[in-house]
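3D, please:
(4 chains, ligands or ions: 4)
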Amino acid sequence: MTDIATMPQPVSFGRRLKRFMADRPPIPLIILLIILVVILQILRPGIVNERWIANTAKFAIPLAILAGCQTMTMLTGGIDLSVGTVATMSAFIMATQIVNQDPTVAFLLAMLPAVLIGLVNGIGVGVFRVHPLIMTLGTSLIGTGFLQVYQRTVIASGAKIPGFLNWLGTGLTYGFPNALFLFVPVAVLIVFMLNRTGFGRLLYAVGDNERAARLSGVRYWQVITALYVLSSLLAGITGLLYIGLIKAPSLSLAEPLVLPSVAAAVIGGTSIFGGRGGYTGTIIGALILTVLTTLLTILQMPEGGRRILFGFIVLFVTAAYLRIVEDR
Amino acid sequence: MTTNPSPQSPLLDATGVAKNYGAVAALRNASLSVLPGEVHALMGANGAGKSTLVKILTGAIKSEAGRILIRGQQLDVRSPADARRAGLLPVYQEPALIPDLDVLSNLRLTGTPVEPFRAWVRELGIPDLDIRETARHIPLAVLRVLDLARALAVEPDVLLLDEMTAALPANLAEKVLEVVRRQGDAGRSVIFISHRFVEISALCDRATVLRDGSTVGVVDIEPGIEERIVEMMLGTRIEKTRVTARAANDVVIAGGGRPRLSVRNLQLGTKLNDVSFDLANGEVAGVFALEGQGQEELFAALAGSIRPTGGSIDVDGAPVKFSHPSDAIQAGIAYVPGDRAEALAMQRSVRENIALPFSAALRKWGPIRMRREQVVVSGAIGRLQIDTRAQGEVQRLSGGNQQKVTIARWIAANARTILCFDPTRGIDVGTKQEIYKLLRELAGQGKSVLFYTSEMEEVQRVCDRVIVIFGGRVVDTFPVEEADEAALMRAAYGLPRGAKADVGILAEVKPGSNAEAAS
Amino acid sequence: TAAGKYTIGISNTVQGNGWREEMICAMKAQALASGEVAKLNIAHRNTDAAGQLEDIRNLISAKVDAIVVNPADPAGIKAGLEEATKAGIVVVAVDQAVTEPSAYIISNNQEEYAYLGAKWLFQQMGGKGDVFYMRGAAGASADSDRDKGFKRALAEFPDVKVAQEVFTGWQQDQAKQQILSFLATGTPINGIWTSGIDNVIVDALVEQQAPMVPVVGADNAGFVGQLSSVKGLVGAAVTNPGSIGGAGITLALQILDGKKPAQQTVLVQPQLWENATEEGKAKLKSVVDPSLSPEWPVSISIPDWTTYTKEQIVACKGPGE
Amino acid sequence: MSRFLRNQGWVAGLFALLVFLFVVTKLIQPGYGSGDFGSLARAVLPYAFAVAAQTVVVIAGGIDLSVAAMMALTSVTAASMMNGASEEYALFVVPFVLAMGLVLGALNGILIVVTRVPDIVVTLAMLFVLQGAALLVLEAPGGAAAEWLKASVIGTVPIPGLPDWAGAWVPKALVLLFVCLCIVWIPLRRSRLGLSIYAIGSNELAAFRSGVPVARTRIVAYALSGLFAALGGLSLTISTGIGAPIPGPYLLASVAAVVLGGVALGGGKGGLLGPIIAVFVLRLVRTDLTLLAIDPNVTAIIEGLIMVAVVMFGAFITMRSRPAGATA
Ligand SMILES: Nc1ncnc2c1ncn2[C@@H]1O[C@H](COP(=O)(O)OP(=O)(O)OP(=O)(O)O)[C@@H](O)[C@H]1O
Ligand SMILES: Nc1ncnc2c1ncn2[C@@H]1O[C@H](COP(=O)(O)OP(=O)(O)OP(=O)(O)O)[C@@H](O)[C@H]1O
Ligand SMILES: [Mg+2]
Ligand SMILES: [Mg+2]
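Ligands and ions are numbered 1, 2, ... in the order given. Predicted coordinates:
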């Protein structure tokens, strides 16, 4: 214990820089992303070109949308593990229904399970107060089961990827992936919703202090139910985009995106305990993860080593980011 | 500083202790010196830094500056466990029993011997404690006593009691005081924090007074010292502006009109019994009660936070049933809880916190009209003169400003009735004056305010009328002119008006203290 | 309704993958077509060897007459299979071998599968150049068997180098991201070997307008279709029929009826269908089947071993359903 | 009595459910006997250790996503060490692997304490790291287990004085499970350390103020989790005779069983008995579904429904049992 702390001190450059970055959370993340890209370029000179950027964007976009679902649910202190199943279901239903149905009908059928699962999640979490982890895990098990049952009924009719989804998933316009036509509005909408709408405010408020929100007249269950339905809807749309990108309907299509979507939101600075975070950081988090995957793919090392590296980098990035942003 | 030359060397000696919470300086330059065998009072207004000092002494938080000597040695107390080893044992303002463990496990956790604990518990007036009961299911008052018994059982050299008696019913409080005094007699030291002069004068040898985070004096407790202490506690703020604030406004009680709020035979489990009163438009009605007499439940029930088990509430003459705070808000009734942490989203901005009720209803979930919101919010901020230098996150505001935000919210929302539960808790005197003025202004505009306070003098400054609650019942209702402190105290202890009986639980313990109690 | 007399238990540990789904449907269809099976008892989920042991033991408790199992691991379920045999239950392993000596095995030869495709690929590459080696799931036994075959072929072509080795985890999305990342590096390659995640690779080449190189995949409907339709694509599909499940049922029924095969192990040898020659193209034309899900192998039956019709396997109904 | 019901009611109810399921099983399959019960015990073994590992950290207020990966790593380590080695060598392998679990678990805890990154993220990163390490140890399933180890879960334990028919119902696997859990858990539960684990999960601040060394306790909780996970990994190697580097389905199963077992995901509540009974319930449900020859696709739905229904039911009775007038 010393007296130094009470004396006024000249603010060092490092401290000022840190404060600058702490007040603008996306900046340190962008720097981290740039560092990763530079490393990639050093390891494989020439890799960072227009085509690579477009490909990275194509894969980062579905991840970023699902991470958007996680961001919104995490703001309320929850988590949505059913997004993978929901995305897979709508993708699979779309690909199989389009064979015999009008595209609009197929689309509606594809979004139906998304709405249902979101509704059940919302009611379970918002009304019955089941822990979101368990609730969404349970509904995703149930959803998978239904998908398996459904799958058997459509073997005979086969599957088809609608041309429009194909265009959206893989096409380029002036070198830009067409998926941006979906993503930019969605991202703008999410950012706008979180910052400029009553609903967005409530997500933060409920996650920060549920009692305070209640005393202000907020009905928790309404907010939570709407949130999980919205999350599921976004996941459903992601599924459609993803099937356009992958072009192979499988029964576990989007499952591999679930854990990365959580990681992207956390890396992006959203607190898993609720009340803090935003979507801009999440988008960069998704980009970081996608670039990291590429980086590890081109590294010539055993698969085991790659995974070890991946784990440690994720941990390091999150820890470094927390240090920068939290310690004022 | 009153020096008290003593042959003994102090057991605990802290000097120059400082602690900042962001923009708030909780402690600037606090010192405290405790002799062996002494019961030492730590006094100060709300927010003076008493609890913070206790937490620093016992290693619960780190200080930023200062020197702490224990038995003349500078020990490194980094955690409550270290403090325990050094013989310092606190009972904090908030219960420290682990909620999900039973009492026995809690004892084992802290290495407390069970038999002495049981003996102390009995001594402290709880003969039939079930030691296997989970802490979560034990009432708050009993928990406080258990906390104390747990500390006593290890026979600490220095016992630090932070507002130990505040939440206790009279009978338990009395036992506690007895026990504490015997600690002193047995040669152990006690640091005793309380806002009740009766207790201090009955119990303590010396007092250290804190003001705004600094020690402003150490005095011996002797008859008549109270005025000195109050002077030191409040500093220059002492000049009394009694009732002037109120007189400034022409009180317009809407005579003959329907009451804004009419409560009849309200019942809530064992907490509230048959509570009936009216709140008129343009009125500030005070509620006065000792700790834990059911006032919190009353406010919560009126706010729609909990459902009463019986009785009726009428708003503007029409019966209402609130099942959620939003129902009360719909009826124009807003609740400002005493605990800021309960009312604020701490990581969000001042603006969002104030505007929160605007978004609550389903139909308000859409885009926010930022310009309009800005106007309304800054109006409210201006009206309460909130210091918004750190408005990005409410948790960075000073406590007083946080408290103002909780009120500003309802000014912005233009609520017709405000239920204020101890709104001046932890607020400095200047701000208090502003809040008093604001409440009067609201009443002047025809709004109504129900105002609970733990400080008697506030009643006279703000209220038109005061409702006294004791044991979950309305025991008396006074016009403010008659509500002097003696009368309020009597009523608050459930004594009939006009009775000449001595006030205070320690009336017979230390003759001569009644005079001070009434002063 | 079923006239059959036997109850057959099935244990499978990968769910949601087209190949495995076809295998299950083949089992159901064959059980139905044989007319000898009263009921199938199917334990079909995602789990590991220990979970499969649990399923096998549950099937023993259910007192089935035979168990047809696609092993999670050849050695890992030995104890369970031994107990089944002791309980008088006929045990048939399909798709992969098992180490339990009392079990009968009817399996696709995984090592041969990889060897055949790799050898053809290296020949197409003219015996030299760089190959992109896209394996299955790291740590899966079928993957390591295939690795053996691939390495055997590689040893025969000293001038062929592995430019990059990745594990797709047998997941379409992962494979696609990997190939796209790899193409973006601009590293020249002369051929791609895939462990059955094939159509997304061709898609990627087409989308990226990358130079077409020979691609080896499995006989999945999607890939087989691409071999006949994608311009400039030279490639080969190596058969790895999911209908091996139907063959397993047939073998189990034969044993139950007292017609034991000469050896414990029956290996179904893979075939290679390529589109480099006219003859190969004709073969591909005859097997291509756009009505199937792209993940389903087109070889929906195995001559001599399965008797169901295409309608039956596509209906995916077992006895009593 | 009423306190017993309040504290142990959930476990008692679960136990009643288990008994009910046994009755159902006997009705479905009249031949269900001691041998089948032994099979059940062996199937339960790895799940039970996984759930024990999860329970300890959940009680301490955390969550461990690396449980299954830790089991995979310890399993392949044991299997590859015993491969081709003598029977006696296994006497060294077992403590080595257990120590390894302990150390790696402690590493989880240390990373959480030091980086201040939320548990869920640290253990997610460690999931990748441990998986990678498992792949480095064994690239494909393989290895071996000592015969005496394999024999240690097969058959029954002769208990003197017990008639043969009853002795047949005491499978070695069950005894092994209870011995292992009791050796660690019973002394722990009664000790100050065990109470500290509950304390930091129940109310970290109050625990700190009660003199509990919070950081150290958290590390110990994770170390214990690692130890249990290592026991789980060993039990995998013992029952299959090999080690497999790909983690089995133990992570989600462990979280589900923890919640079914009455351990609150917030921490501080519950015990080990409930989750272990929950594991038996879940495994027995699986057995019954197999015995009934239910469509495999429907079983996923049923398992998910059971999970959601039981947890909702639990939430519902908590809501009902709250004193009148309390906040919703
Ligand atoms: N965690 C915290 N963060 C920010 N400010 C704090 C925190 N804890 C205390 N403070 C502030 O420090 C000051 C001193 O608080 P402290 O609790 O010590 O007061 P006190 O003298 O015990 O008051 P009371 O009589 O109300 O208990 C107050 O202004 C309070 O708002
Ligand atoms: N989003 C907002 N931003 C700024 N001020 C607002 C906002 N919403 C409401 N207000 C203000 O708060 C006060 C009360 O609002 P409240 O919603 O209770 O009005 P109301 O009487 O219900 O009217 P309405 O019929 O429009 O809902 C009004 O002064 C209003 O201008
Ligand atoms: Mg205090
Ligand atoms: Mg209105």
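
residue B:336 touches residue B:420, doesn't it?
Yes - using CB atoms under 8 Å, residue B:336 is in contact with residue B:420, at 4.8 Å. (Glycine included, C-beta is placed from N, CA and C.)

overlap in contacts, the two.
residue B:407 (CB atoms under 8 Å, 6 or more residues apart in numbering or on different chains).

now do the same contact list for residue A:179.
Residue A:179 sits in contact with A:57, A:58, A:61, A:62, A:168, A:169, A:241, A:245, where contact means CB under 8 Å, 6+ apart.

phi, psi of it?
Dihedral angles of residue A:179 (phi, psi; degrees, to the nearest 10) stand at phi -60, psi -20.

now the closest residue in space to it that isn't next to it in sequence, what's its secondary structure?
Closest residue to residue A:179 apart from its sequence neighbours, by CB to CB, 6 or more residues apart in numbering or on different chains: residue A:61 at 4.6 Å. Here residue A:61 is helix, with the state taken from DSSP: H, G, I helix; E, B strand; the rest coil.

distance of residue A:61 relative to residue A:118?
21 Å (CB to CB, to the nearest Å).

now the helices for the stretch 151-300 of chain C?
C:172-185, C:199-207, C:221-229, C:244-256, C:278-287 (DSSP state H, counting those that start in this stretch).

the last one versus helix C:221-229: what angle between them?
If you take axes from the mean of the first three to the mean of the last three CA atoms, to 10 degrees, helix C:278-287 sits at 140 degrees to helix C:221-229.

could I get the contacts of residue A:179 as JSON lines with neighbour count, secondary structure and pLDDT?
Shown next, in JSON lines, are the contacts of residue A:179 (neighbours: other CB atoms under 10 Å in any protein chain shown; DSSP: H, G, I helix; E, B strand; the rest coil; pLDDT from 0 to 100):
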{"residue": "A:57", "neighbour count": "17", "secondary structure": "helix", "pLDDT": "92"}
{"residue": "A:58", "neighbour count": "26", "secondary structure": "helix", "pLDDT": "89"}
{"residue": "A:61", "neighbour count": "27", "secondary structure": "helix", "pLDDT": "95"}
{"residue": "A:62", "neighbour count": "30", "secondary structure": "helix", "pLDDT": "95"}
{"residue": "A:168", "neighbour count": "21", "secondary structure": "helix", "pLDDT": "89"}
{"residue": "A:169", "neighbour count": "24", "secondary structure": "helix", "pLDDT": "87"}
{"residue": "A:241", "neighbour count": "23", "secondary structure": "helix", "pLDDT": "95"}
{"residue": "A:245", "neighbour count": "28", "secondary structure": "helix", "pLDDT": "89"}
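
what's the closest of these to residue A:178?
The closest of the contacts of residue A:179 to residue A:178 turns out to be residue A:168 (CB to CB; 5.2 Å).

was I right about the closest one contacting residue A:241?
Yes - taking contacts as CB under 8 Å, residue A:168 lies within contact range of residue A:241: 6.1 Å.

which neighbours do those two have in common?
Joint contacts of residue A:168 and residue A:241 (CB under 8 Å, 6+ apart) are A:179, A:182.

which stretches of the stretch 201-350 of chain B have low pLDDT?
Filtered on pLDDT under 70, the stretch 201-350 of chain B yields the residue ranges B:234-256, B:291-292.

for chain D, give me its nearest residue in it.
residue B:306 (4.6 Å; CB to the nearest CB).

helix or strand for that residue, which one?
Under DSSP states H and E, no helix or strand contains residue B:306.

number of nearby residues for it?
Counted with other CB atoms under 10 Å in any protein chain shown, the neighbours of residue B:306 add up to 23.

distance of it relative to ligand 3?
26 Å (CB to the ion, to the nearest Å).

now residue A:287
48 Å.

so who does that residue touch?
With CB under 8 Å, 6+ apart, residue A:287 has these contacts: A:33, A:56, A:60, A:64.

and the angle for the helix or strand hosting it with helix C:172-185?
Using DSSP H and E, residue A:287 maps to helix A:279-298. Counting by the same axes, to 10 degrees, helix A:279-298 lies at 70 degrees to helix C:172-185.

for helix A:279-298, the averaged confidence score.
On average, the pLDDT along helix A:279-298 is 91.

now do stretch D:17-31, average pLDDT.
Mean predicted lDDT for stretch D:17-31 stands at 92.

in it, what counts as buried?
D:17, D:21, D:22, D:25, D:29 (16 or more other CB atoms under 10 Å in any protein chain shown).

of these, which belong to helices?
D:17, D:21, D:22, D:25 (DSSP state H).

of these, which are in range of ligand 2?
For ligand 2, no contacts are drawn from these by CB under 6 Å from any ligand atom.

ok so, going back, of the helices of the stretch 151-300 of chain C, which is nearest chain B?
Short answer: helix C:172-185, nearest of these by CB to the nearest CB, at 34.8 Å.

that closest one near chain A at all?
Yes - against chain A, helix C:172-185 shows contacts by CB under 8 Å from any CB of the partner chain at C:172, C:173, C:174, C:176, C:177, C:178, C:180, C:181, C:182, C:183, C:184, C:185.

what's the angle from that helix to helix C:199-207?
30 degrees.

quick check, central residue of the chain?
I went with chain A, as the question did not name one. Centrality entry for chain A: nearest residue to the mean C-alpha point is residue A:67, 0.9 Å, by CA atoms, centre = their mean.

to clarify, I was referring to chain C.
Closest-to-mean residue, chain C, CA atoms, centre = their mean: residue C:240 / 4.2 Å.

and that one, how far is that from residue C:304?
18 Å.

also residue C:185?
47 Å.

neighbour count winner among those two?
residue C:185 (21 against 9).

residue A:48 versus that one, what's the distance?
10 Å.

what do you get for residue A:229?
40 Å.

do the same with residue B:226
Residue B:226 is 77 Å from residue A:48, by CB to CB.

ditto for residue B:412
The value you get for residue B:412 to residue A:48, if CB to CB is used, is 51 Å.

who has more neighbours out of the two?
Neighbour count, other CB under 10 Å: between residue B:412 and residue A:48, residue B:412 has more, with 24 against 17.

returning to what we had before: excluding chain neighbours, what is closest to the residue nearest to the centre of chain A?
Nearest to residue A:67 is residue A:264, by CB to CB, 6+ apart, at 3.8 Å.

that neighbour reaches residue A:285, doesn't it?
Yes - here residue A:264 reaches residue A:285: they are 3.9 Å apart, a contact under CB under 8 Å.
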